[in-house]
Every structure is written in structure tokens, then in C-alpha cells.
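> Got a predicted structure plus its sequence, pasted below:
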Amino acid sequence: MKKIVLALALLVLPGLSLAATAGYPLMKAPIDLHDKPSLQRGAKLFVNYCMGCHSLEHQRYNRMARDIGLTDEEVKANLIFTGAKVGDLMKNAMPKAAAKQWFGVTPPDLTVIARSRGVDYLYTYLQTFYQDPTRPFGVNNAVFPNAGMPHVLWQLQGMQKAVYEVHKDHEGNETKVLTGFELVQPGSMSAPQFKESMADLVNFLAYAGEPIKLERQKVGIWVLLFLGLAFVVFYLLKKEYWKDIH
């Protein structure tokens, strides 16, 4: 019995650890993979603001175009800014060695970031950069403290500062808790517009992590219907074959 309890505890502990390190509460990402205009806007944001450092090394431009409702010509005109061909993988030209020297760590490929980190994490992360003069790029992040990434979307969101509350424990020790943000330099978007844009960007990253998800779900429904029908047929056959025995 003790071994069973220990095994269950070991299974649960990684999840508890992840939850404990989350810190700032995550916002719910409004993901809708059926919303092709949202996916198109998210793709535009990605190639304009993210792809300078990050890539989607397991996604091809033409596959993306087909899935989110664009033609190859539209992708060439609006989403490819290098000499890449429409059938190429979505890689960037940043040398990994140089990137590590500049940022302290090589910017990761983002093909499966929505699956590994979660869409709520990304949605909150992108909205919670704040001024921090102690950091190399002058910003910090609420859900990823001391992140090495600069706030590349500051021109859209503007710059915000952290708002803290001071909590005291029963021994009188004070702890500063980040509770929100205050805009100190407006960006080109209002807060609701920026929030919607981040929903589009995360929606696109969710698609990139599993491009076949919607198709898989459709096939899954038909498979379940087939299995249900097959169960009825097999049950009737079983009754027919075994009627003389029962």
C-alpha cells in the first residue's frame, strides 16, 4: 500500500511543481482554431515581431497557407521577407552562436511552444512585460521572472510598470506581491486591441503546434461513430452464433 501511495505522489509532484512556479495568475486564452481571420492576423504578428529571433522549423509556409486560408501568392507577398521559397520551412537567418552571445541563450524554436508551455501561459506571458532597470533589456516578466527576451511588442502595447502590494506574515515579515500593471508609456494599440492581438498570436502558435488537430478531431468523431455501429453489428452476430448455446 505504501508503495502505491509513493508512486501516486511521484506522479502528482511534477504538476504541483509546475503550478508552484507559475507565480502570477494565468489569463484564459480565447483559442479558436476555426477562426481563420484570427490565425491570419496571428501569422502576420509572428513573422513581423517574433521571427527575427524565433523560428517554426517544423512548419512550411505553403502548409500554413493552406490551413489558415491563404494562397501561396498572399504568403509570398505578405509573410515572406527573405529569399525563402513558399515550400520552405519557416526558419530565420539568425546564427545560433551569435544569438546565444547576444541574449545569453539561443532563442528557442516555437513550433511546439503552445503544447509545451500551454496557451494560457503564452497569452499571459506576452502581456506581462514591465519596466525593470536592473535587467539587461530594461524589462522583466511576471510569469517568467528574469527572462532573457526583450519586450519586442512594446511599440504595440506601450511600456508598463509593476504594481505591488505589501503582505505581512504572522511574524511581521513583509513580502512584495505583484498584483497588476500601470501603463506609463502608451503604445499604438489600446489595451483591448493589444489583448485581442495577443489572442491572435497565441491562436496561431496553438495551430502551429498541431496543424492537424481539427482534422484529427473530425476523423475521431467518424471513428467513434463507426465503432458504435460496429459494436451493434458484432453484438447481433454474437447473439446469432451463440443462440443455440444460450
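It's in.
> When you work out contacts or count neighbours from here on, use the C-alpha atoms and nothing else.
Fine.
> Helices along the chain, start to end?
Here the chain has its helices, by DSSP state H, at 2-22, 36-45, 61-68, 72-78, 96-103, 113-117, 119-127, 154-157, 191-209, 213-242.
> Let me have the ones you listed in a markdown table, extended by mean pLDDT, mean neighbour count and distance to residue 146.
As requested, those are arranged in a markdown table below (pLDDT from 0 to 100; neighbours: other CA atoms under 10 Å; distance: least, CA to CA, whole Å):
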| stretch | mean pLDDT | mean neighbour count | distance to residue 146 |
| --- | --- | --- | --- |
| helix 2-22 | 39 | 10 | 13 |
| helix 36-45 | 96 | 20 | 24 |
| helix 61-68 | 93 | 19 | 33 |
| helix 72-78 | 92 | 14 | 34 |
| helix 96-103 | 73 | 12 | 12 |
| helix 113-117 | 94 | 15 | 17 |
| helix 119-127 | 97 | 22 | 12 |
| helix 154-157 | 96 | 18 | 17 |
| helix 191-209 | 96 | 22 | 21 |
| helix 213-242 | 83 | 11 | 33 |
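> Looking at those helices, which is nearest to residue 139?
helix 154-157 (10.2 Å; CA to CA).
> Which other helices and strands does the closest one contact?
helix 191-209 (3 or more CA pairs under 8 Å, 6 or more residues apart in numbering; DSSP states H and E).
> Can you say which of the helices of the chain is nearest to residue 134?
That would be helix 96-103 among those, by CA to CA, at 15.3 Å.
> quick revisit: between the helices of the chain, which one is closest to residue 170.
Of all the helices of the chain, it is helix 2-22 that lies closest to residue 170, at 21.7 Å by CA to CA.
> Just the CA atoms of the biggest strand by length in the chain, as CSV, please.
Longest strand in the chain, counting residues (DSSP state E): strand 174-186. Extracted in CSV, the C-alpha atoms of strand 174-186 (Å, rounded to 0.1, in the frame of the first residue of the first chain):
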residue,chain,number,x,y,z
GLU,A,174,6.9,41.9,4.6
THR,A,175,6.7,40.5,1.1
LYS,A,176,6.0,42.4,-2.1
VAL,A,177,3.5,40.7,-4.3
LEU,A,178,3.0,41.8,-7.9
THR,A,179,-0.8,42.4,-8.4
GLY,A,180,-1.0,44.3,-11.7
PHE,A,181,0.4,46.9,-14.0
GLU,A,182,0.1,50.6,-14.7
LEU,A,183,0.7,52.0,-18.2
VAL,A,184,3.4,54.6,-18.2
GLN,A,185,4.0,55.0,-22.0
PRO,A,186,1.1,54.3,-24.4
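> Sheet-wise, list the partners of it with their directions.
strand 158-168 (antiparallel) (DSSP bridges).
> Give me the contacts around the partner strand.
129-132, 174-189 (CA atoms under 8 Å, 6 or more residues apart in numbering).
> Grab the nearest non-local neighbour of residue 129.
residue 141 (4.5 Å; CA to CA, 6 or more residues apart in numbering).
> so what's that neighbour up against?
Here residue 141 is in contact with 125, 128, 129, 130, 147 (criterion: CA under 8 Å, 6+ apart).
> centre of the chain versus stretch 128-142, how much separation?
21 Å (CA atoms, centre = their mean, to the nearest Å).
> With stretch 165-173 instead?
35 Å.
> And stretch 76-94, by the same measure?
Chain-centre distance of stretch 76-94: 22 Å, with CA atoms, centre = their mean.
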